[in-house]
Each structure stands twice: as structure tokens, then as C-alpha cells.
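[1] below is the structure, and that's it, no one-letter string:
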């Protein structure tokens, strides 16, 4: 397995990593006042006094007010969620299957927007054995049992895969984790060649906007190895 394969495997860890409204409209009945035509008064015989005819009293026009109910579709917008700056998953499961060799272990994940993410694999009583660090500058995987590590910088990843770590890191957490917070279980799977990595997270275990520590591990005195050597020690 070449160094490029290691970059993909390292990235796998991260990538797993209404109602109705009423309107009133007023409408007036256009009813013109009735005009009564008066018949000409008959001529009275001469010498007979004429009684003047009183004009008819006009009848007032009644304007009716009509209420029209207009039903309009109302699109209810979901309330915007506050911007998540950090997540802290204290317990989840990471499973790796490489050429039939299966490795499953508890793990923890910490992420801070714009800073990076740390995946801590803890196979026994919370003791960290494997650590994956992804920052906008580089990807590092550390095997603490053998005191060795493998690493690829952002320039290598961008040159080989046209991936900008600074953009991809936060977008992956937003799209693959935070957008599925209402799911009962989050399962993230990534396959590269004969290697498959799956992360299983229960959303109830995800704590958001807590203080998290994204400091890189001290690898002074650790031996830098290839991806193939690192995976061999794990599997």
C-alpha cells in the first residue's frame, strides 16, 4: 500500500467522520337608487282647486359588506439551528475490515470548527491506542502501542485528490453528522479498495458547543512509517 492509500484511509476516519390567513375585502353593491317616474298629474277641471302632489321620499341604498375568506398555503420554515462550533462524542464504535481482517473498537471524537478533529480509538478501558488527527494543514494517524505514526500534509492531499482539507473538514461534519442528529443511529461507511471503515454513532451521545481540546499529540521520539506498516500493526 502506497502513501496515497494511507491518505485515503486517513480521510476515511474523518469522512465517517399555515394555517390559513383571512383577508377582508369590501365590496359595495352597485345598486343605483331607483328613480321613480312620476306620472303627470291629471288636469283638474277649471274652477276646481288643485292639490299639489308631494314628491316620493327616496329610499336609501343599503351597502352590504361581504367577508371573503381566502385560503392560502403557508410554508412553515424550520427554525434555524444555532451554528455548532464544537462536538464531543465520548463513545462510538469504529470498525475496520481489511482483506477479511476485522477490527472493532470503542472510540471518541472531538471536533472544533475551523481548527480540526481528533478521533481517539480506545480498545481497552478508555486507554488511547490509536489516534487520528485532521487539521486544515495535515492528516496524522498515530499508533501509540508501537510509538509510530504516518502523516500526509494538505498540499499532498490537494495535489492527489483536489480536496481542500480546510473546507472538507467542516463540511463533512456538517453534512454527515450534524444533519443527521434526528436519526436514531448514525452509520458512516467508507470503502477504499479492500479496506472498509464504519463509524457508528448514537446522536444522544453527541454533545455540542462544549469546550474541547484539539491539541496535536506529542509524537517526539515516535517513528514515522508508511501506511502499510501502520495498518499491519493494527490488523
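    All right, it came through fine. Given the structure is predicted, the values throughout are model-derived calculations rather than measurements. Residues are numbered from 1 along each chain as shown.
[2] ok, what's across the strand from the residue nearest to residue 108 when sequence neighbours are not counted?
    Excluding its sequence neighbours, the residue lying closest to residue 108 (C-beta to C-beta, 6 or more residues apart in numbering) is residue 120, at 4.6 Å. Quick note: C-beta positions are derived from backbone N, CA and C, even for glycine. Residues in a beta bridge with residue 120, per DSSP bridges, are residue 108, residue 131.
[3] can you give me the helices in the protein?
    3-15, 154-161, 165-176, 227-234 (DSSP state H).
[4] mean pLDDT lowest for which of those helices?
    Per-stretch mean pLDDT for the helices of the chain is lowest at helix 3-15 (a mean of 47).
[5] residue 167 and residue 158: what is the separation?
    10 Å (C-beta to C-beta, to the nearest Å).
[6] then residue 182?
    To residue 158, residue 182 is 34 Å away according to C-beta to C-beta.
[7] looking at these two, which is more packed in?
    residue 158 (14 against 6; other C-beta atoms under 10 Å).
[8] just give me the neighbour total for residue 112.
    Residue 112: 21 neighbours (other C-beta under 10 Å).
[9] do you know the pLDDT at residue 83?
    86.
[10] let me redo that: residue 192
    pLDDT, residue 192: 75.
[11] what is the burial count for residue 121?
    23.
[12] which residues touch it?
    94, 105-107, 128-132 (C-beta atoms under 8 Å, 6 or more residues apart in numbering).
[13] swap in 10 Å and give it another go.
    13, 94, 96, 103, 105-108, 127-132, 141-144, 234 (C-beta atoms under 10 Å, 6 or more residues apart in numbering).
[14] drop anything exposed from the residues you listed.
    Buried members of the contacts of residue 121, scored by 16 or more other C-beta atoms under 10 Å, are 13, 94, 96, 103, 106-108, 128-132, 141-144, 234.
[15] neighbours of residue 198, how many?
    Residues near residue 198, counting by other C-beta under 10 Å: 17.
[16] check what pLDDT it gets.
    88.
[17] and what of residue 142?
    93.
[18] that one contacts residue 151, doesn't it?
    Yes. Counting by C-beta atoms under 10 Å, residue 142 touches residue 151, with 9.0 Å between them.
[19] which neighbours do these two share?
    Joint contacts of residue 142 and residue 151 (C-beta under 10 Å, 6+ apart) are 133, 219.
[20] could you list the low-confidence segments of the protein?
    1-66, 69-82, 227-235 (pLDDT under 70).
[21] now the end-to-end length of stretch 217-224.
    14 Å (C-alpha to C-alpha, to the nearest Å).
[22] contacts for it, please.
    With C-beta under 10 Å, 6+ apart, stretch 217-224 has contacts from 118, 120, 128, 131, 133, 140, 142-144, 146-151, 229-230.
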